[in-house]
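Visitor: Sequence plus predicted model, see below.
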Amino acid sequence: MTTWNQVYDPFGSPWLSTLAASLPVIALLGMIASGKVKAHIAAVLSLVLAFCVAVFLFGMPADLAARASGYGVALGLFPIGWIILNVIFLYRLTVEKGWFATLQQSVAGITTDRRLQLLLVAFAFGAFFEGAGGFGTPVAVTGAILIGLGFSPLAASGLSLIANTAPVAYGALGAPIQGLASVTGYDPYILGAMIGRQLPFFSVLVPFWLIWVFAGFRGMIQIWPAILVCGGSFALAQFGISNYVNPWIVDIGAALISMGALVMFLRVWRPAVIWTSPALRGNDPSLGFVTAAGGAKVAPVSAAGTRTASSSEIFMAWVPWIILSVIVAIWGTGWFKNIVNPIFTWKYEVPGLHNVIMKVPPVVAKAHPEAAVFAFTYMSYTGTGVLFAALLSGLLMRFSPLRLVTAYLETIWVLRYSLITISAMLALGVLTRYAGVDATLGLAFAGTGVLYPFFGTLLGWLGVALTGSDTASNVLFGGLQKITSEQLGLSGILMASANSSGGVMGKMIDAQSIVVASTATGYFGQEGKILRFVFWHSIALACLVGCLVMLQAYVYPFNAMVIHP
């Protein structure tokens, strides 16, 4: 079998090669940000451009590029598209029966202050779903809930993305850390502990940042005690669990502690001024945008004439989401996967692609072939768990089997463009990975010398922005981080962990997450506005992570401490 070696500097000039490698990403973000090209069209056009770059500039055989693109389409539908489809299906069912309106009342019953609702839903509740499921689940769920609570579409979309940062490194029961350990050879407990000495600072900062973006500085200061309780409890739990328990349950434990602490605090404390505006402070271009998440009509909480729900009705309104939480938590455990995967798995080695492409130094220490196995673990997919939760909840809500089927088909139709977009974007990411285009970008960051702790952190940010996944970014650049840091006399553990910690800030601008947010909130066709809203927040937070890693590398070496429990 003939193999093809990746080429990382096809022009003999790192600057030219890096520029060529960046063309698909620049085109994708530019088209989305312009607001003049629909997201699914922008994704397909960028995929075509990436194909041309891979074949004509980086020398990748066209048949390999086509196979890699097809492989990426499959990965876009499963597991990411599968999760979104089933979350929105569940959401639409609860809206149709009026249970979601009751849930809105229950959240408003805890607090009518929009800022505090953001802390509860976008940050704490979203962190739970990040820990349990990841891969777009938290943004899909919290975006749908926020739009149902009456938040403006841009607020619901953009703020869900900003909130879904600090928990990402431990998402899906520690999948990013497991991926990082697999390519670096480091103990996942040590990596998890090191990340637990980076992200807690931002677990405190992000809730403040979130409310500042929504309500302005004065609006943030008015509720600083609640923000500190929410973020501080999450950060302490994140540090404690990651350093003294394990890296797998960090988000779930920290989220539950944060939600509990905030709810208890709100029993004894209330802000002097109740913030009732659902719009972003200042200019909110989404005001007046006619939207309904997933195509379903949702009435605002404040709608006149709404009857106050009884305690039993409120409990039942939460039942579908409780079922979802329990099932997703079970689906993410290793023991469940070990039971179902040997039975319900179809592994398909992509012919003509599997082990045909060679990744070579300096990206890796020793040349090795790139596997291309589509593991269709259909039973253990998080989306499958969500589907079971939706069907069970639908039966509890007394939907007929026929209505469940028709509602599912309606959901597919509503999400058709979003599914196309996600598939095309994953195809782009997979193609650039197999073509070595992403490694060219990574090598550009690796050549920054003494500033490498800063730019190496931004490499993780770039990886997530490109792939849409902290796990994928860690697998992509983890080995490069280890090799480069050791060559520079830095801690490999520190920089591998920084790849994951920096990566979480890229989650809010990756195109897949933006499409998930626009789909969940019904803000269709407005992905450019969402990207422009979150872009500079993403860069600023990533740079702050880079500054922290610089301090850890040269001023206060956390890595010198004993971190294994």
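Guide: Looks like it arrived, so ask away. Numbers count the residues shown, from 1 in each chain.
Visitor: all strands for the protein, in order.
Guide: 4-5, 346-349, 357-359, 368-369, 373-376 (DSSP state E).
Visitor: contact partners of the fourth one?
Guide: To tie it back to what came earlier, the one meant is strand 368-369. 3, 355-359 (Cβ atoms under 8 Å, 6 or more residues apart in numbering). All C-beta atoms are positioned from the backbone trio N, CA, C, and that covers glycine.
Visitor: circling back to that earlier point, output the strands of the chain as TSV; include the columns mean pLDDT.
Guide: Shown next, in TSV, are those (pLDDT from 0 to 100):
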stretch	mean pLDDT
strand 4-5	93
strand 346-349	88
strand 357-359	91
strand 368-369	88
strand 373-376	87
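Visitor: for those strands, which one sits closest to residue 162?
Guide: strand 373-376 (32.3 Å; Cβ to Cβ).
Visitor: Please name every helix or strand in contact with the closest one.
Guide: helix 62-75, strand 346-349 (3 or more Cβ pairs under 8 Å, 6 or more residues apart in numbering; DSSP states H and E).
Visitor: mind running it again at 7 Å?
Guide: For strand 373-376, the elements it packs on are strand 346-349, judged by 3 or more Cβ pairs under 7 Å, 6 or more residues apart in numbering; DSSP states H and E.
Visitor: So in that sheet, which strands flank the strand it packs on, and in what orientation?
Guide: strand 373-376 (antiparallel) (DSSP bridges).
Visitor: Quote the end-to-end distance of stretch 465-474.
Guide: 12 Å (Cα to Cα, to the nearest Å).
Visitor: For that stretch, the averaged confidence score.
Guide: Throughout stretch 465-474, pLDDT has a mean value of 79.
Visitor: before we move on, the earlier item: and of the strands of the chain, who's closest to residue 139?
Guide: Of all these, strand 373-376 comes closest under Cβ to Cβ, at 24.4 Å.
Visitor: List the buried residues in the closest one.
Guide: residue 374 (16 or more other Cβ atoms under 10 Å).
Visitor: Restricting to C-alpha, output that strand in CSV.
Guide: Presented in CSV, the C-alpha positions along strand 373-376 are these (Å, rounded to 0.1, in the frame of the first residue of the first chain):
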residue,chain,number,x,y,z
VAL,A,373,-11.5,4.3,11.6
PHE,A,374,-15.1,5.4,11.9
ALA,A,375,-16.2,3.8,15.2
PHE,A,376,-20.0,3.9,14.9
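Visitor: pLDDT weak spots in the stretch 1-150 of the chain?
Guide: 1, 133, 135 (pLDDT under 70).
Visitor: And the stretch 151-300 of the chain, by the same measure?
Guide: Within the stretch 151-300 of the chain, the ranges that satisfy pLDDT under 70 run 290-300.
Visitor: Tell me where it has helices.
Guide: 153-163, 171-184, 188-195, 199-221, 224-244, 250-266 (DSSP state H, counting those that start in this stretch).
Visitor: Ok, the stretch 301-450 of the chain next?
Guide: Under DSSP H, counting those that start in this stretch, the stretch 301-450 of the chain gives helices at 311-331, 334-340, 382-396, 401-414, 416-435, 437-446.
Visitor: quick one on the thing from earlier: narrow the contacts of strand 368-369 to just the buried residues.
Guide: 356-357, 359.
Visitor: Just the closest of those residues to residue 343, please.
Guide: Once Cβ to Cβ is applied, the member of the buried ones among the contacts of strand 368-369 that ends up nearest residue 343 is residue 356, at 29.9 Å.
Visitor: so how far is residue 212 from the spatially closest residue to residue 483 that is not a sequence neighbour?
Guide: Setting aside the residues directly before and after it, residue 483 is nearest to residue 365 in space (Cβ to Cβ, 6 or more residues apart in numbering), at 6.0 Å. Distance of residue 365 to residue 212, computed by Cβ to Cβ, to the nearest Å: 44 Å.
Visitor: Now do the same contact list for residue 209.
Guide: residue 162 (Cβ atoms under 7 Å, 6 or more residues apart in numbering).
Visitor: hmm, try it at 10 Å
Guide: 162-163, 165, 202, 220, 227, 231, 537, 540-541, 544 (Cβ atoms under 10 Å, 6 or more residues apart in numbering).
Visitor: Buried members of these into PyMOL, please.
Guide: Restricted to buried positions by 16+ other Cβ under 10 Å, the PyMOL selection for these reads:
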select buried, resi 162+163+165+202+220+227+231+537+541+544
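Visitor: Export the contacts of residue 209 as JSON lines, with columns for distance to residue 467.
Guide: Output for the contacts of residue 209, formatted as JSON lines (distance: Cβ to Cβ, whole Å):
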{"residue": "162", "distance to residue 467": "20"}
{"residue": "163", "distance to residue 467": "21"}
{"residue": "165", "distance to residue 467": "16"}
{"residue": "202", "distance to residue 467": "21"}
{"residue": "220", "distance to residue 467": "32"}
{"residue": "227", "distance to residue 467": "31"}
{"residue": "231", "distance to residue 467": "27"}
{"residue": "537", "distance to residue 467": "20"}
{"residue": "540", "distance to residue 467": "21"}
{"residue": "541", "distance to residue 467": "18"}
{"residue": "544", "distance to residue 467": "22"}
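Visitor: tell me the contacts of residue 314?
Guide: Contacts of residue 314 by Cβ under 10 Å, 6+ apart are 99, 102-103, 105-107, 109, 308.
Visitor: same deal with residue 445?
Guide: 18, 451-452, 454-463, 477, 480-481, 484.
Visitor: Just the buried subset of the residues you listed, please.
Guide: 18, 452, 454-463, 477, 480-481, 484.
Visitor: Confirm for me that residue 371 is in contact with residue 433.
Guide: No: shown here, residue 371 and residue 433 do not form a contact pair, counting by Cβ atoms under 10 Å, at 11.7 Å.
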